[in-house]
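Undergrad: What follows is a predicted structure for the sequence shown.
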Amino acid sequence: MTLIQNPDGNRTHYGTRGPARGTRPGTLPGNPPGEPFTRPDPFDRPPEHEITWTDPVTGAQGWLVVHTLVGGMATGGTRMRAGCTRNEVADLARCMATKTAAFGLPVGGAKAGIDCDPRDPDALGVLERFFAHMRPWLENSWVTAEDLGVSQSDLDAVFTRLGLDQSFHAAIRRSPDPVATLGRVRAGLDTVDRDGLPLGDVIGGYGVAQACLGTAAALGWEPTRTTVAIQGIGTMGGGAAWYLHEAGVPVTAIADAAGTLFCPRGLDIPALLAARDHYGEIDRATVPSGVELLPREAVLAAPADILVPAAVSYALGVGSVAHVAARAVVEAANSPTTPDAEERLAVRGIPVIPDFVANAGAAAWAWWLLQGQVGTDPEDSFRRLRQEMQGKVAYMLAEWSGARMSPRRSAWGFASANLEALAGRQITIP
């Protein structure tokens with residue numbers, strides 16, 4: 001077992017250079033023939049708990065899937081969309097469990113989902129009845145947050161009506177002074193960065209930007225000469241674009257639902273983000289001359305050093321691999337690269353930094369806040385996430401360059417070791 005020491009010198013995470021139990025390391029070209037590159041996900045196992053719910057008023061179905069419990073606790077958002085399925089929720093719960101373990105957080109992973117259109121007039125009523133049914137979990141073991149179709153303000157309103165104060169209730173009640181802890185957490189959630197942006201809204205995108213910067217550093221690329229293409233400019237992709245631009249990294253292509261914008265010299269990211277409408281589309285009337293307007297899928301083939309898929313799951317499939325011009329992929333969306341596509345990218349020598357590391361910044365930050373490890377100074381949060389993210393990316397790419405192990409395989413190793421080390425640990429909420 002190898003200790004991964006992050007740059008700050010005081011946060012240690014565990015990884016394995018050898019295989020996890022029952023498997024051998026994945027291999028790349030140049031290793032013995034017949035060795036497959038991909039290996040089963042060690043977190044791909046049945047969840048520890050699963051609850052199916054049917055709304056007595058509308059008949060809508062909902063699910064709470066608790067993949068893992070650590071110290072009796074699990075965390076994961078609540079989503080609402082027409083067509084949501086149990087399998088979707090279970091897959092997202094597994095992903096959340098992998099995220100929390102990868103960052104050594106003393107909490108397991110869960111997810112909730114409701115098959116209901118969030119624009120339905122009774123959507124909030126459905127959400128409240130769902131949470132009322134899940135109240136024993138919300139009081140004792142499950143911390144939730146906003147997700148697709150459910151805003152944090154919706155959650156806060158419903159929790160207030162249920163007498164639970166805040167969606168972090170299950171963790172806050174473990175504090176010796178819950179009232180003081182609630183005030184501290186709320187102050188942290190209300191923090192804004194130096195640009196006046198709510199920290200909770202941008203910290204995830206900041207983490208993706210740091211994964212990109214860590215990739216460039218680990219591969220020996222000068223950041224200001226490293227170009228990035230981003231598919232999707234919502235909360236995660238837009239935040240990544242903003243902080244990459246601040247760091248002097250040219251973002252040469254971005255894509256929204258209407259198409260791809262490309263400029264080889266780098267786009268004016270602040271101006272384009274300011275031109276987004278409520279649905280995250282950029283007003284094409286504001287796009288300056290010299291910017292090429294391309295089809296939406298063109299972003300995957302844009303000439304850039306790093307490709308950041310930040311839109312939807314499985315956007316990068318086998319059919320797109322041959323067209324990818326990037327030299328590395330950093331996953332900002334959940335499961336944006338299919339397993340077969342990732343294997344083929346590896347054959348081409350293109351590493352993929354996995355989603356459960358690259359896009360875990362918001363989840364990690366929330367639990368650092370709960371534990372009192374960060375507070376209302378945004379620079380403390382940025383520094384902590386920068387060190388954690390770049391340390392993990394450096395480790396994965398050292399394994400890629402040296403042992404020819406895929407970044408996902410490497411991250412599964414230290415996530416599994418962290419989960420084992422956390423067994424029986426109780427979270428401390430000051």
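TA: Looks like it arrived, so ask away.
Undergrad: which non-adjacent residue is nearest residue 309?
TA: In this structure, residue 309 finds its nearest non-sequential neighbour in residue 336, 3.6 Å apart by C-beta to C-beta, 6 or more residues apart in numbering. Using the backbone N, CA and C atoms, a C-beta is placed for each residue, glycine as well.
Undergrad: For that neighbour, which residues are in contact?
TA: Counting by C-beta atoms under 8 Å, 6 or more residues apart in numbering, residue 336 touches 231, 309-316, 355.
Undergrad: now do residue 240
TA: Counted by C-beta under 8 Å, 6+ apart, residue 240 has contacts 205-206, 208-209, 212, 230, 308, 310, 332.
Undergrad: Just the ones of those residues in strands?
TA: Those of those mapping onto strands are 230, 308, per DSSP state E.
Undergrad: I'd like to know the average pLDDT value across stretch 93-103.
TA: Mean pLDDT, stretch 93-103: 95.
Undergrad: Residue nearest the middle of the chain, spatially speaking?
TA: In the chain, the centroid-proximal residue (C-alpha atoms, centre = their mean) is residue 359; its distance is 2.6 Å.
Undergrad: and that residue, what pLDDT?
TA: 95.
Undergrad: Who are the contact partners of the closest residue to it other than its chain neighbours?
TA: Of all residues not flanking residue 359 in the chain, residue 332 sits nearest, at 5.1 Å (C-beta to C-beta, 6+ apart). By C-beta under 8 Å, 6+ apart, residue 332 lies in contact with 205, 208, 230, 232, 236-237, 240, 308-310, 355, 358-359.
Undergrad: give me phi/psi at residue 74?
TA: Residue 74 adopts backbone torsions of phi -140, psi 150, taken as degrees, to the nearest 10.
Undergrad: Residue 111 is in contact with that one, correct?
TA: No. Residue 74 is beyond contact range of residue 111, at 9.2 Å (criterion: C-beta atoms under 8 Å).
Undergrad: Between those two, which contacts overlap?
TA: Joint contacts of residue 74 and residue 111 (C-beta under 8 Å, 6+ apart) are residue 67.
Undergrad: Which residue is the nearest non-sequential neighbour of residue 49?
TA: Using C-beta to C-beta, 6+ apart, the nearest residue to residue 49 is residue 66, at 4.0 Å.
Undergrad: Going by neighbour count, which residues of the top helix by length along the chain are buried?
TA: For the chain, the helix with the greatest residue count under DSSP state H is helix 378-402. Buried residues in helix 378-402, counted by 16 or more other C-beta atoms under 10 Å: 378, 381-382, 384-397, 399-400.
Undergrad: right, and the helix or strand after that helix?
TA: The first helix or strand that comes after helix 378-402 along the chain, using DSSP states H and E, is helix 407-422.
Undergrad: Near the residue nearest to residue 49, how many other residues are there?
TA: The tally of other residues near residue 66 (other C-beta atoms under 10 Å) stands at 25.
Undergrad: how close does it sit to residue 111?
TA: Separation of residue 66 from residue 111 (C-beta to C-beta, to the nearest Å) stands at 9 Å.
Undergrad: where do the helices sit along the stretch 101-250 of the chain?
TA: For the stretch 101-250 of the chain, applying DSSP state H, counting those that start in this stretch gives helices covering 123-133, 135-140, 152-161, 169-172, 178-189, 199-218, 235-246.
Undergrad: just to revisit the earlier point, list the contacts of the residue nearest to the centre of the chain.
TA: By C-beta under 8 Å, 6+ apart, the neighbours of residue 359 are 99, 204, 207-208, 236, 331-334.
Undergrad: nearest residue to residue 129 other than its sequence neighbours?
TA: Spatial nearest neighbour of residue 129, excluding adjacent residues (C-beta to C-beta, 6+ apart): residue 55 at 5.7 Å.
Undergrad: That neighbour and residue 119, how far apart?
TA: Residue 55 is 16 Å from residue 119, by C-beta to C-beta.
Undergrad: Pick out whichever of the two has more residues nearby.
TA: Between residue 55 and residue 119, residue 55 has the larger neighbour count (other C-beta under 10 Å), namely 19 against 9.
Undergrad: how about the more buried one, phi and psi?
TA: Backbone phi and psi, for residue 55 under degrees, to the nearest 10, turn out to be phi -70, psi 120.
Undergrad: How about the contacts made by it?
TA: Residue 55 makes contact with 61-62, 116, 126, 129-130 under the criterion C-beta under 8 Å, 6+ apart.
Undergrad: Now neighbour count too, for the residues you listed, in a markdown table please.
TA: A markdown table is the format used below for these (neighbours: other C-beta atoms under 10 Å):
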| residue | neighbour count |
| --- | --- |
| 61 | 17 |
| 62 | 27 |
| 116 | 25 |
| 126 | 22 |
| 129 | 20 |
| 130 | 23 |
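Undergrad: just these now: which is nearest residue 148?
TA: Comparing those against residue 148 with C-beta to C-beta picks out residue 116 as the nearest, at 11.8 Å.
Undergrad: Residue 254 should be in a strand, yeah?
TA: Yes. Assessed with DSSP: H, G, I helix; E, B strand; the rest coil, residue 254 lies in a strand.
Undergrad: and it, what does it touch?
TA: 229-231, 233, 237, 241, 260-261, 267, 269, 272, 282, 299.
Undergrad: pLDDT score for the nearest residue to residue 81 once chain neighbours are set aside?
TA: For residue 81, ignoring the flanking residues on the chain, the nearest one in space by C-beta to C-beta, 6+ apart is residue 149 at 4.9 Å. Residue 149 carries a pLDDT value of 87.
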